[in-house]
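how would this look folded up:
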Amino acid sequence: MLRRVVLTGLGAVSACGEGAEALWSAAREGQAVVRQAGFEDENGKPYSAYRIPDFAAEKYVTQRKSLKVMARDIQLAVASSVLAMRDAGVNGGAASEAGRRGVVVGSGVLNHELDELAQSVSECIAGDGRLDLRKFGEEGIPGLFPLWLLKYLPNMPACHVSILFDLQGPNNTLTAGTSSGLQAVGEALRIIQRGDADLMLAGGAESKLNPVGYAEYKGLGLLSSEGSYRPFDQHSRGFALGEGAAFVVLEELEHARRRGARIYAEVAGYGASSGDAREVSLKAALKDSGIAPSDIGHLQASGTGLPSEDLAELAAYAEVFFEHPGILPVSCAKPVTGFTGFASGPLELVVSANVIAEGYVPPIAGLEHPRAVSPVLDLVRQGRPAALRHAMTHVSGINGQSATLVLRRWEDGR
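Alright, predicted model coming up:
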């Protein structure tokens with residue numbers, strides 16, 4: 001029999017501020033804060049994005065020398081993991097417990113800062129104005145900071161987090177695009193269920209707020225030309241970049257009870273899929289939870305803001321919940337956080353945990369003209385109280401991978 005797993009800690013860093021409370025407050029009120037990103041777009045205008053205000057990594061990184069090998073994404077990961085562990089009341093443990101604690105992170109190739117490469121690149125420009133790759137390999141790369149690459153490897157967030165908390169148990173990094181972070185939580189769930197750990201940190205972090213990240217998405221034609229972010233709205237034409245990180249602490253139920261931990265919710269089920277079959281992950285999570293679609297009281301949607309993606313997502317929801325006895329409330333947190341890539345799923349899971357713990361359904365910020373109307377889906381425009389037993393979080397990326405997690409309201413004594 002699989003062991004039961006509960007959420008006991010929430011940590012988040014986003015444009016809303018530092019801490020899960022700041023994220024939940026903004027999501028609850030439908031507040032979006034867009035700031036200047038710190039660089040100019042191709043037209044020479046300051047680019048506006050969901051930037052974290054006044055973030056200081058020194059507050060969370062105890063070994064200051066480590067900052068030299070931490071890209072901003074890694075710094076955000078460490079900060080949110082510290083906040084999650086604090087929230088869970090975990091301040092370390094006996095040496096015998098270290099091997100029963102681990103971490104799983106959703107990550108990928110992290111964007112480098114242009115100024116780090118500028119000198120080496122400029123010295124290797126050929127007469128025709130192009131980069132001489134041979135010269136760059138022979139002379140440019142040796143001129144870089146020797147540990148430069150360690151700042152940008154996908155597995156480094158998990159490495160730094162595990163070292164900080166002496167997590168000697170399972171350690172893994174999942175690279176699956178936007179769904180990576182929520183898949184990391186799902187993998188952590190499985191690790192505890194099968195008995196390979198008692199406590200796991202899981203989440204994701206990403207910052208695209210630099211010229212490299214901007215150019216990547218701009219070149220793909222995914223950014224909103226208006227600078228606004230309105231998923232599921234008829235006028236939505238893309239997303240706005242953001243940065244953030246979120247980690248959650250998952251524990252085996254009896255382990256959490258023994259130390260008197262506060263429990264936000266039970267992690268009831270998980271599902272994942274690839275390709276455009278979003279409904280596969282939705283149905284898998286329901287089956288894993290042992291519940292029917294009619295048992296879901298709230299759905300935290302992915303909402304990339306791309307017209308074709310939004311329509312496909314809503315179609316998947318309508319297919320899975322077509323027999324729902326009522327109208328299923330659907331919210332989306334991305335208009336509040338911006339598009340945060342690997343961090344999207346965990347940030348939205350933090351919102352879902354508060355939805356089920358506090359019994360309140362938040363709105364979709366900025367939604368004015370819903371793109372599609374379904375008799376079984378309610379795209380929430382005004383937040384409201386709601387007593388619910390199960391809440392679902394779904395995230396899907398433009399690469400076609402999806403992940404879904406179901407939370408169950410915690411009732412003491414169950």
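
let me know the secondary structure of the residue most central in space within the chain.
The centre of the chain sits closest to Ala343, judged by CA atoms, centre = their mean, with a distance of 2.2 Å. Following DSSP: H, G, I helix; E, B strand; the rest coil, we place Ala343 in the helix state.

give the full set of residues in contact with Gly341.
For Gly341, the contacting residues are Gly108, Gly177, Thr178, Ser180, Gly204, Glu206, Lys208, by CB atoms under 8 Å, 6 or more residues apart in numbering. For the C-beta atoms, the positions are set from N, CA and C on the backbone; glycine is no exception.

now the third one. Nearest residue, chain neighbours left out?
Translated: Thr178. Gly397 (3.0 Å; CB to CB, 6 or more residues apart in numbering).

circling back to that earlier point, ok, and the most crowded of the contacts of Gly341?
For those, neighbours were counted using other CB atoms under 10 Å, and Gly204 has the most, 36 neighbours in all.

strands of the stretch 251-400 of the chain, start to end?
265-273, 296-300, 328-331, 360-361, 377-379, 384-385, 390-396 (DSSP state E, counting those that start in this stretch).

what's the next secondary structure element after the last one?
So that's strand 390-396. strand 402-409 (DSSP states H and E).

check which helices and strands that next one sits against.
helix 180-193, strand 265-273, helix 278-289, helix 344-358, strand 390-396 (3 or more CB pairs under 8 Å, 6 or more residues apart in numbering; DSSP states H and E).

what average pLDDT does that strand get?
Averaging pLDDT along strand 402-409 yields 98.

run the angle between it and helix 344-358 for me.
Angle of strand 402-409 versus helix 344-358, following axes from the mean of the first three to the mean of the last three CA atoms, to 10 degrees, is 20 degrees.

parallel or antiparallel, which strands does strand 402-409 pair with?
Strand pairing for strand 402-409, using DSSP bridges, gives strand 265-273 (antiparallel), strand 390-396 (antiparallel).

return the longest one as CSV; C-alpha atoms alone will do.
Extracted as CSV, the C-alpha positions of strand 265-273 are listed here (Å, rounded to 0.1, in the frame of the first residue of the first chain):
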residue,chain,number,x,y,z
ALA,A,265,-3.4,19.6,2.1
GLU,A,266,-2.9,16.0,1.2
VAL,A,267,-1.3,15.3,-2.2
ALA,A,268,-4.0,12.9,-3.6
GLY,A,269,-2.8,12.2,-7.1
TYR,A,270,-0.5,13.0,-10.0
GLY,A,271,-0.5,12.5,-13.8
ALA,A,272,1.7,13.5,-16.7
SER,A,273,1.5,13.3,-20.5
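
re earlier: including pLDDT, could the contacts of Gly341 go into a markdown table?
A markdown table is the format used below for the contacts of Gly341 (pLDDT from 0 to 100):
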| residue | pLDDT |
| --- | --- |
| Gly108 | 90 |
| Gly177 | 91 |
| Thr178 | 93 |
| Ser180 | 96 |
| Gly204 | 98 |
| Glu206 | 95 |
| Lys208 | 84 |
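
what separates Leu174 from Leu182, distance-wise?
Taking CB to CB, to the nearest Å as the measure, Leu174 falls 10 Å from Leu182.

who touches both of these two?
Joint contacts of Leu174 and Leu182 (CB under 8 Å, 6+ apart) are Gly106.

residues in contact with the spatially most distant residue from the centre of the chain?
The C-alpha centroid of the chain is most remote from Gly127, which lies 44.5 Å away (CA atoms, centre = their mean). For Gly127, no contacting residues are found, by CB under 8 Å, 6+ apart.

pLDDT value on Gly359, please?
pLDDT at Gly359 comes out at 96.

and the one 10 residues further on, by the same measure?
Taken from the predicted model, the pLDDT recorded for His369 is 91.

phi first, then psi, for it.
Dihedral pair for His369: phi -130, psi 90, per degrees, to the nearest 10.

what's the closest of the helices and strands packed on strand 402-409 to Pro146?
In terms of CB to CB, the element of the helices and strands packed on strand 402-409 nearest to Pro146 is helix 180-193, at 28.7 Å.

which is the next helix or strand following that closest one?
Following helix 180-193 in sequence order, the next helix or strand is strand 199-207 (DSSP H and E).

residues in contact with the helix or strand just after that following strand?
Using DSSP H and E, the helix or strand that follows strand 199-207 in sequence is helix 211-219. The contact list for helix 211-219 (CB under 8 Å, 6+ apart) reads 37, 39, 41-42, 47, 111-114, 207-208, 223, 239, 241.

low-confidence stretches in the stretch 201-350 of the chain?
Filtered on pLDDT under 70, the stretch 201-350 of the chain yields the residue ranges 226-227.

so for Gly195, which of the strands paired with strand 402-409 sits nearest?
strand 265-273 (15.5 Å).

who's in contact with the closest one?
4-7, 179, 183, 185-186, 189-190, 250, 253, 280-291, 353, 356-357, 390-391, 401-410, 414.

that strand: which residues count as buried?
Judged by neighbour count (16 or more other CB atoms under 10 Å), strand 265-273 contains these buried residues: Ala265, Glu266, Val267, Ala268, Gly269, Tyr270, Gly271, Ala272, Ser273.

can you put the residues you listed in a markdown table and add distance to Leu299?
Formatted as a markdown table, the buried residues of strand 265-273 follow (distance: CB to CB, whole Å):
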| residue | distance to Leu299 |
| --- | --- |
| Ala265 | 15 |
| Glu266 | 18 |
| Val267 | 16 |
| Ala268 | 14 |
| Gly269 | 14 |
| Tyr270 | 15 |
| Gly271 | 14 |
| Ala272 | 17 |
| Ser273 | 16 |
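
let's have the strands paired with strand 402-409 in CSV, adding distance to Val90.
Below are these laid out as CSV (distance: least, CB to CB, whole Å):
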stretch, distance to Val90
strand 265-273, 17
strand 390-396, 23
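
for those strands, which one sits closest to Lys68?
Per CB to CB, nearest to Lys68 of the strands paired with strand 402-409: strand 390-396, 32.5 Å.
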